[in-house]
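> Got a predicted structure plus its sequence, pasted below:
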Amino acid sequence: VGTLATWTTRSIVSVSSVLRRVTAGDFTQRVPTETIDEVGDLVESCNIMTRSLQDYKEKLEQSKAEIENVIQSQTDLVFVIDTKGIILKVNRAVLDTLGYKADEIIGQSVPKVFHPDTIERDLEAGPKKAISGELVVNAELTLMHKDGRKLPFSFNGTPLKDTQGKIIGALGVGRDLREM
C-alpha cells in the first residue's frame, strides 16, 4: 500500500506541476504516462488537453499573423483606437502618409492626427461616431502631417466589439482625397 500511495502521490504531483506550467502558457509540457489505470487516464487526459491547447495557440498565432499582414499591406490608412480615443494600431500607410514613426503615434490620443482647424468637426464625424456604435461612411476629414500640412481624407469607420457585443474601440480606414 505504501508504494502505491507514494507512486500515486508522485503522479499527482507531476500532473499538478505540468498544469501549473500550462497555466503559465507553456503548452509544450507533457506528463509521462506510466500506467493504464485511473491515474494513467488522468495523465493522458492532461496530455490531450495540453496538445489541444498548443494546437489552438498555434492556429491563433497564425491567424493573428495573417490579419496583421492584411492590415499592413493595405494602401489605405488603417487606424484602431480604443473607446477613449487612444491609438492602438496603425498600418504602414498611416506612418508613411503622416510622417510619424510608430512609437510617436501608438498610445497617443486621436486628436494628434487631426488638423486643429477642423478637429472638433472631424472628431464628431469620425472616431466619436464610430465609438458610439454608428458606422462612418465616406466622412471627409482633415488629417495633419507631422510637419503641419493639411491632408484631406475620406474615412470609413466601424465600432469594434468584444465577444459579448460591448464596444471596445473603432476601426477607421482612410483614403487620401488628394489622389482622387
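In hand now; what should we look at? These numbers come from a predicted model, not from an experiment. Numbers count the residues shown, from 1 in each chain.
> Setting aside sequence neighbours, what's the nearest residue to K161?
I167 (5.6 Å; Cβ to Cβ, 6 or more residues apart in numbering). Where you see a C-beta, it was placed from the backbone N, CA and C, and this is true even at glycine.
> any idea how far L77 is from the one you found?
21 Å (Cβ to Cβ, to the nearest Å).
> who has more neighbours, these two?
Using other Cβ atoms under 10 Å as the criterion, I167 and L77 rank with L77 on top: 24 against 15.
> Which residues are in contact with the residue nearest to K161?
T83, I131, S132, G133, P159, L160, K161 (Cβ atoms under 8 Å, 6 or more residues apart in numbering).
> number of nearby residues for the last one?
Right, the one you point to is K161. 12.
> Now it. Its backbone dihedrals?
When read as degrees, to the nearest 10, the backbone of K161 gives phi -120, psi 150.
> element containing the spatially most central residue of the chain?
Among the residues of the chain, the one closest to the centroid is K64, at 7.7 Å (Cα atoms, centre = their mean). Take DSSP states H and E as the rule and K64 turns out to sit in helix 38-73.
> just how off-centre is that helix within its chain?
Relative to its parent chain, helix 38-73 has a centroid offset of 17 Å by Cα atoms, centre = their mean, to the nearest Å.
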